[in-house]
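Asker: please find the sequence and the predicted model below.
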Amino acid sequence: MLTLASTLTLSVSAAQKPNIVLIMADDMGFSDIGCYGGEVQTPNLDQLAKHGVRFKQFYNSARCCPTRASLMTGLYPHQTGIGHMTNTPNNPTQHNYGLPGYQGYLNKECLTIAEMLKLNGYQTFMTGKWHLGYHGKEKWPLQRGFDQFYGILSGASNYFKPEEPRGLSLGNDPVKAEGEYYTTDAFTDYAIRFIEESTPDKPYFLYLSYTAPHWPLHALKEDIDKYRGKYLDGWTKIREARLEKMKAIGLLAGDVDLSEQAGPDWDALSKEQQEEMDLRMAIYAAQIDRMDQNIGKLVEFLEARGDLENTIIFFLSDNGACAEGGMLGGGQAENLESQRGFLLSYGEAWANASNTPFKRYKHWVHEGGISTPLIVHWPDGISSNRHGQWVEEYGFLPDVAASIKDVAQADYPKIYQGNQLPKLVGKSIFPAIHKSKPIHDEPIFWEHEGNKAVRLGSFKLVSAWSATHSENWELYDLKTDPAELDNLASQWPERVSEMKKMWNEWAQKHLVEDWAKVRELERQQSGR
């Protein structure tokens with residue numbers, strides 16, 4: 001078996017370039033899957049972790065489409081034109097404020113992973129959620145480097161009837177769901193089909209972008225039944241059990257505490273409310289369970305095909321758990337366990353449990369909004385003595401593209417289709433995997449909807465958007481306080497000033513606008 005123990009370049013050049021499979025979950029919390037402390041049954045992801053590595057700290061961009069923009073390009077979201085959100089299917093100008101960093105679709109001054117790999121001899125396939133541009137086929141996957149695409153172009157859909165309210169595409173053409181249909185299954189089936197139909201002895205890149213467990217709460221009965229009743233003890237007990245397991249498996253230090261509990265005291269809920277909240281969380285868990293089953297199906301296919309040994313599999317989530325829909329979830333309770341309802345969610349209280357032990361959720365750039373599990377599995381490229389280990393060094397989304405460029409030995413052009421390309425922001429994660437070398441000795445940054453953060457070493461400066469426009473910077477030492485409980489800003493004013501200056505300089509250079517300005521343009525656009 002080849003390893004990268006000596007140098008990455010030698011092991012890649014000594015064999016065929018690796019196949020690359022990039023799997024993304026949607027709105028899944030940091031602690032939901034088994035190998036990150038959760039009670040949801042994810043044996044296939046757990047096996048990938050057992051025979052690969054897991055990162056203790058890896059970061060996304062806090063929201064669906066900015067994350068996908070950063071993941072696909074190796075840049076900060078604003079550099080790609082998706083500093084906020086993409087334009088919605090029914091409104092071609094929504095989220096487009098006449099600002100380069102906020103145009104609402106991928107610009108031409110960035111290169112997708114698919115475009116990069118296609119230039120370097122790879123076949124490129126995608127199934128699942130695109131969410132990087134809708135109006136005009138030039139913004140769709142086939143026009144941004146993918147040879148094959150099956151999935152949804154916008155942000156979410158009905159799992160059983162994806163044409164309600166948003167539809168499916170195969171390549172550049174709309175298609176209908178047929179027979180007994182469930183999106184998670186279909187995305188996997190098409191991923192396998194694309195690989196089956198691929199050219200032998202030519203490496204491929206598969207981007208499998210599940211919508212699970214994003215709302216609506218839609219799952220198959222046999223999966224829901226595995227979890228119904230398991231959440232009747234409530235969110236506090238679940239958080240405590242997850243924290244204990246996270247410490248036992250070495251993910252968190254023994255002295256880490258939980259962030260503040262969201263939601264009412266469980267015992268204050270009526271029996272009917274408790275049963276409804278148990279069901280909401282059971283459906284959410286079932287969506288993750290089904291995704292794991294499908295990942296197992298894909299891995300089994302790769303193994304039978306003889307591809308698994310030299311295939312790199314990345315697994316991560318696009319943001320922290322989603323608190324949208326109110327404290328106890330959104331949508332009518334009578335639509336649970338049906339194929340109806342679109343804005344069906346499990347609510348802030350359960351999202352708080354999904355993000356154990358962290359603070360806040362999707363949208364925010366506190367740890368609960370930006371922390372993702374990251375599993376990396378590559379039998380031919382990761383030495384067996386590293387299997388099952390935790391990677392201590394932290395990384396973030398742009399590192400994925402840089403890592404893929406590294407292992408594929410891909411050339412990254414300075415100019416593509418007449419457009420000057422910025423340098424990749426990220427760095428390869430493989431030195432950290434093999435030799436525990438830090439990935440970043442420079443600061444890394446976030447901004448989404450006025451929520452701002454910068455991390456340098458173990459220190460993180462973070463600010464949540466305030467409607468009063470007042471800056472409320474908080475400083476945390478994440479080495480000792482990952483739940484962001486002890487604000488050190490008043491004790492370290494010079495460090496706060498220094499890191500705030502770093503953030504402002506970064507924002508000025510990376511097309512980040514003042515959020516109050518963006519909100520005003522949004523208000524004017526909507527006529528409110």
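Answerer: Structure's in. What do you need? Everything numeric here is computed off the predicted structure, so don't read it as measured data. Residues are numbered from 1 along each chain as shown.
Asker: output the below-cut-off pLDDT ranges for the protein.
Answerer: For the chain, the stretches flagged by pLDDT under 70 are 1-15, 469, 527-528.
Asker: give me the most central residue, it.
Answerer: By CA atoms, centre = their mean, the mean C-alpha position of the chain lies nearest to Asp318, the distance being 1.6 Å.
Asker: sec struct for the closest residue to that residue other than its chain neighbours, please.
Answerer: Closest residue to Asp318 apart from its sequence neighbours, by CB to CB, 6 or more residues apart in numbering: Thr67 at 4.2 Å. (Each C-beta comes from the backbone N, C-alpha and C, glycine too.) Following DSSP: H, G, I helix; E, B strand; the rest coil, Thr67 is assigned to helix.
Asker: could you break this structure into its assigned domains?
Answerer: Following automatic domain parsing, one finds the domains of the chain at 8-435, 444-526.
Asker: could you check how far the shortest one is from the centre of its chain?
Answerer: For domain 444-526, the distance from its own C-alpha centre to the chain's C-alpha centre is 21 Å (CA atoms, centre = their mean, to the nearest Å).
Asker: thought Ala62 was touching the residue nearest to the centre of the chain, still the case?
Answerer: No. Applying CB atoms under 8 Å as the test, Asp318 and Ala62 come out as separate, 9.0 Å apart.
Asker: can you map out the strands along the stretch 1-150 of the chain?
Answerer: Using DSSP state E, counting those that start in this stretch, the strands of the stretch 1-150 of the chain run over 19-25, 53-55, 58-59, 123-129, 148-152.
Asker: and the stretch 251-400 of the chain, by the same measure?
Answerer: Using DSSP E, counting those that start in this stretch, strands in the stretch 251-400 of the chain cover 311-317, 374-377, 389-391, 395-396.
Asker: quick one: the ones you listed as a markdown table, columns for distance to Ser259 too.
Answerer: What follows is the strands of the stretch 251-400 of the chain, written out as a markdown table (distance: least, CB to CB, whole Å):
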| stretch | distance to Ser259 |
| --- | --- |
| strand 311-317 | 18 |
| strand 374-377 | 21 |
| strand 389-391 | 21 |
| strand 395-396 | 21 |
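Asker: now these as a markdown table including mean neighbour count and distance to Gln123?
Answerer: Shown next, in a markdown table, are those (neighbours: other CB atoms under 10 Å; distance: least, CB to CB, whole Å):
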| stretch | mean neighbour count | distance to Gln123 |
| --- | --- | --- |
| strand 311-317 | 24 | 13 |
| strand 374-377 | 25 | 20 |
| strand 389-391 | 17 | 29 |
| strand 395-396 | 26 | 27 |
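Asker: residue contacts, the residue nearest to Asp318?
Answerer: By CB atoms under 8 Å, 6 or more residues apart in numbering, the residues touching Thr67 are Asn60, Ser61, Pro77, Asp318, Asn319, Leu397.
Asker: hang on, the first one packs against Ala321?
Answerer: The reference is to Asn60. No. Using CB under 8 Å, Asn60 makes no contact with Ala321, being 12.0 Å away.
Asker: before we move on, back to that, looking at the domains of the chain, which is buried most?
Answerer: Across the domains of the chain, averaging neighbours per residue (mean count of other CB atoms under 10 Å) puts domain 8-435 on top, at a mean of 20.
Asker: export the helix or strand Ala516 falls within as PDB, just CAs?
Answerer: In this structure, Ala516 is located in helix 515-526 according to DSSP states H and E. The C-alpha coordinates for helix 515-526 follow below in PDB (Å, rounded to 0.1, in the frame of the first residue of the first chain):
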ATOM      1  CA  TRP A 515     -24.100  44.800   6.200                       C
ATOM      2  CA  ALA A 516     -26.200  47.900   7.000                       C
ATOM      3  CA  LYS A 517     -25.600  49.100   3.400                       C
ATOM      4  CA  VAL A 518     -26.500  45.700   2.000                       C
ATOM      5  CA  ARG A 519     -29.700  45.500   4.100                       C
ATOM      6  CA  GLU A 520     -30.700  49.000   2.900                       C
ATOM      7  CA  LEU A 521     -30.200  48.000  -0.700                       C
ATOM      8  CA  GLU A 522     -32.300  44.800   0.000                       C
ATOM      9  CA  ARG A 523     -35.000  47.000   1.500                       C
ATOM     10  CA  GLN A 524     -35.100  49.300  -1.500                       C
ATOM     11  CA  GLN A 525     -35.200  46.300  -3.900                       C
ATOM     12  CA  SER A 526     -38.100  44.700  -2.200                       C
END
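Asker: returning to what we had before: and of the strands of the stretch 251-400 of the chain, who's closest to Val462?
Answerer: Minimum separation from Val462 across the strands of the stretch 251-400 of the chain (CB to CB) falls at strand 395-396, 14.2 Å.
Asker: now for the longest helix seen in the chain, which elements pack on it?
Answerer: With secondary structure taken from DSSP state H, the chain has its longest helix at helix 271-305. Helix 271-305 is packed against strand 19-25, helix 43-50, helix 183-196, helix 221-224, strand 311-317, helix 347-354, with contacts defined by 3 or more CB pairs under 8 Å, 6 or more residues apart in numbering; DSSP states H and E.
Asker: so how far is Val299 from Leu208?
Answerer: Applying CB to CB, to the nearest Å, the value for Leu208 to Val299 is 11 Å.
Asker: oh, that last question was meant for Ile152, not what I typed.
Answerer: When distance is defined by CB to CB, Ile152 is 24 Å away from Val299.
Asker: would you confirm that His218 contacts Gln339?
Answerer: Yes. Assessed by CB under 8 Å, His218 is found in contact with Gln339 at 6.8 Å.
Asker: overlap in contacts, these two.
Answerer: Counting by CB under 8 Å, 6+ apart, the residues touching both His218 and Gln339 are Asn158, Phe160.
Asker: so what's the closest residue to Tyr97 other than its chain neighbours up against?
Answerer: Distances taken as CB to CB, 6+ apart put Leu521 closest to Tyr97, at 4.0 Å, once the chain neighbours are dropped. Leu521 sits next to Tyr97, Gly98, Leu99 when contact means CB under 8 Å, 6+ apart.
Asker: repeat for Val175
Answerer: Tyr150, Gly167, Leu168, Ser169.
Asker: now the two most distant members of those.
Answerer: Among the contacts of Val175, Tyr150 and Gly167 lie farthest apart (CB to CB), at 12.0 Å.
Asker: adding distance to Gly368, write the helices and strands packed on helix 271-305 out as JSON lines.
Answerer: What follows is the helices and strands packed on helix 271-305, written out as JSON lines (distance: least, CB to CB, whole Å):
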{"stretch": "strand 19-25", "distance to Gly368": "16"}
{"stretch": "helix 43-50", "distance to Gly368": "20"}
{"stretch": "helix 183-196", "distance to Gly368": "25"}
{"stretch": "helix 221-224", "distance to Gly368": "26"}
{"stretch": "strand 311-317", "distance to Gly368": "12"}
{"stretch": "helix 347-354", "distance to Gly368": "8"}
